[in-house]
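Engineer: When you get a sec, could you give me coordinates for this:
(chains A and B)
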Amino acid sequence: MHDLSAAELAAGLRKGDFTSQELTRHFLDRIGRLDERLNSFITVTADQALAEAAAADRRLAAGEGGPLTGIPYAHKDIFCTDGVRTSCGSRMLDDFIAPYDATVTERLRAAGAVMLGKTNMDEFAMGSSNETSYYGPVRNPWDTDRVPGGSSGGSAAAVAAGLAPLATGTDTGGSIRQPAALCGITGIKPTYGRVSRWGMIAFASSLDQGGAMARSAEDCALLLQAMAGFDPRDSTSAERPVDDYLAALARPLEGLRVGLPREYFGEGLDPRMAGVVEAAVGVLEGLGAQRVEISLPNMELSVPTYYIVAPAECSSNLSRYDGVRFGYRCQDPVDLEDLYKRSRGEGFGAEVKRRIMIGTYALSAGYYDAYYLKAQQVRQLIVEDFRRAFESVDLVLGPTSPTPAFRLGEKVDDPVTMYLSDIYTIGVNLAGLPGMSVPAGFIDGLPAGVQLIGNYFDEARLLNVAHRYQQATDWHRRTPEGFA
Amino acid sequence: MGLKPSDVEGIAHLARLRIAPEDVPRYAQDLSSILAFVERLEAADTEGVTPLAHPLDMAQRLRPDEVTETDQRERFQAIAPRVEQGLYLVPKVIE
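Structural biologist: Now for the predicted structure:
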């Protein structure tokens, strides 16, 4: 059953081939047998999942429910889940039982999706390899000596290994797209504001966005359809209707203008990765698309811009963890300042502390203009680059990451080298655009992805192009040995 | 610009983070390399460019000034490290 798509599982449930309880047991059993090799789950909610599956079976028997009713999914441990630990990959929240559901959790619950558990992630979503998690690194199912990418690495590994047909993710600088690419699955980060951030633990609020991860674009469309929509509780939620993603999947691609930014194919890109991208463009051309050379001249500044903006916002957002109202508290504080400093010093890991300190420094008196204001100005230039590009193309295409999955430990001691893993994805977050990663080949037996970047609120087109591409290729159907 | 260990101690104090003394040199090195990296931004010509704080042009929505939250103090305090009689406990602040 784990080799079927979510769409096929939904059909199977309706035909009576299996029940949601059987399906849920099947995935729980796989998690129990296989996840010790991957560490992709922080918490498995077996009892709750079986109860939700039983409720879904009753709905289905009554002829009710929608396309996700009874379908199991894995939920990134950044989304609050009422009554279930929500750790965000941090010691700080190791004993945090969320007292409410995130909007995304609530929507998936209402859709009848069955939550299998909460997936591992880089601490507070800060990382590109899943090595900053308090719960230990996740391993890539294609090669367990390698990272799955991050920060949604648990979700990506779980889907790639067939431990869940669908998973949620969040993406602040590439955290859905980069792990999707490194694990050989499909992932979409929608336009900023499309999916509610309410109850999604904040890292950098002008960049954070939830999205969908699955094997295929069609399954991403199913999941995103349920996640997306206006939410009055999120002050930056987009107040506009959600397109019908499934209905758009099969549209023909004739005349589609695909922009290839020259800056995405320069030095630093593995030539074999360039070959993978080139082959993908060829497939789209065969489907009627045309290539257009474009330029995004300020893209090389996106990573440095991000490493001012994101830490600045993180230093502010994470000031709420003070050891007083919830979360980790140090032993025997001598005074209030000691309580704050030791609770935070002991509760946060090294990468989170680095980013809090960079942000604190960039926002401090005397440095604000030189760092934060400057970064906001360059951010404007990056947005203008994309705006200009979308005057002449319908979507932008390039690599998702410069290389396939790297080895555990390879970059973890060098923050700047790690940061450059997100060189092709970060600009999309700075601009608030939708982006997607699609499996497009293999390099030395490791999956490689191409990235599709759309104009604002053009998720339907990204899913459409990815779906048509997947009708013509089978990269997304490959499964890692040992997890068949 | 490189950060000295004393700079790291100052920033850590502003951020209310305790950094063990033996870890300070490593943080000084890491933060300095990150700052050297972001200083590439200096080369960008941003004369007259409006700073962008938010990716979408949107105005903050207003809602009617009505009470929408209910009292859930007991629920929220159930996950607090230390409470007593409905109050959050911290070390004594005023003697």
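
Engineer: pLDDT weak spots in the stretch 251-400 of chain A?
Structural biologist: Within the stretch 251-400 of chain A, no stretch has pLDDT under 70.

Engineer: could you pull out the helices for it?
Structural biologist: A:271-286, A:302-317, A:336-347, A:350-363, A:368, A:374-389 (DSSP state H, counting those that start in this stretch).

Engineer: what angle separates the third one from helix A:350-363?
Structural biologist: For helix A:336-347 and helix A:350-363, the angle between their directions (axes from the mean of the first three to the mean of the last three Cα atoms, to 10 degrees) works out to 130 degrees.

Engineer: How confident was the prediction at A:Thr417?
Structural biologist: Looking at A:Thr417, its pLDDT stands at 88.

Engineer: In space, what's closest to it - neighbours in sequence excluded?
Structural biologist: Computed as Cβ to Cβ, 6 or more residues apart in numbering or on different chains, the closest residue to A:Thr417 that is not its neighbour in sequence is A:Lys411, at 5.0 Å. Where C-beta positions appear, they are placed from N, C-alpha and C, glycine not excepted.

Engineer: My understanding was that that neighbour contacts A:Ser421; is that so?
Structural biologist: Yes: judged on Cβ atoms under 8 Å, A:Lys411 makes contact with A:Ser421 at a distance of 7.2 Å.

Engineer: Now for the two: what residues contact both?
Structural biologist: A:Ser128, A:Ser129 (Cβ atoms under 8 Å, 6 or more residues apart in numbering or on different chains).

Engineer: between these two, who's got more neighbours?
Structural biologist: A:Ser421 (25 against 19; other Cβ atoms under 10 Å in any protein chain shown).

Engineer: Next, work out how far apart that one and A:Glu410 are.
Structural biologist: As judged by Cβ to Cβ, to the nearest Å, A:Ser421 and A:Glu410 stand 10 Å apart.

Engineer: residues in contact with the residue in chain B that chain A sits nearest to?
Structural biologist: Ranking the residues of chain B by distance to chain A (Cβ to the nearest Cβ) places B:Pro55 first, at 2.6 Å. Neighbour list for B:Pro55: A:Tyr192, A:Ser206, A:Leu207, A:Val383, A:Leu430, A:Ala431, A:Gly432, A:Leu433 [criterion: Cβ under 8 Å, 6+ apart].

Engineer: if we go to 7 Å?
Structural biologist: Each residue near B:Pro55 by Cβ atoms under 7 Å, 6 or more residues apart in numbering or on different chains is listed here: A:Tyr192, A:Ser206, A:Val383, A:Ala431, A:Gly432.

Engineer: Tabulate those (CSV), appending neighbour count and distance to A:Gly65.
Structural biologist: Supplementary listing: the contacts of B:Pro55 in CSV, determined by neighbours: other Cβ atoms under 10 Å in any protein chain shown; distance: Cβ to Cβ, whole Å:
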residue, neighbour count, distance to A:Gly65
A:Tyr192, 29, 31
A:Ser206, 21, 36
A:Val383, 18, 41
A:Ala431, 26, 37
A:Gly432, 22, 33
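
Engineer: Quick one: end-to-end distance for stretch A:79-93.
Structural biologist: 12 Å (Cα to Cα, to the nearest Å).

Engineer: I meant stretch A:126-144, not that one.
Structural biologist: Termini of stretch A:126-144 sit 21 Å apart (Cα to Cα).

Engineer: residues in contact with the residue of the stretch 201-350 of chain A found nearest chain B?
Structural biologist: Relative to chain B, the nearest point of the stretch 201-350 of chain A is A:Gly345 (3.3 Å; Cβ to the nearest Cβ). By Cβ under 7 Å, 6+ apart, A:Gly345 lies in contact with B:Leu17, B:Arg18, B:Ile19.

Engineer: before we move on, what about A:Gly445?
Structural biologist: Contacts of A:Gly445 by Cβ under 7 Å, 6+ apart are A:Trp142.
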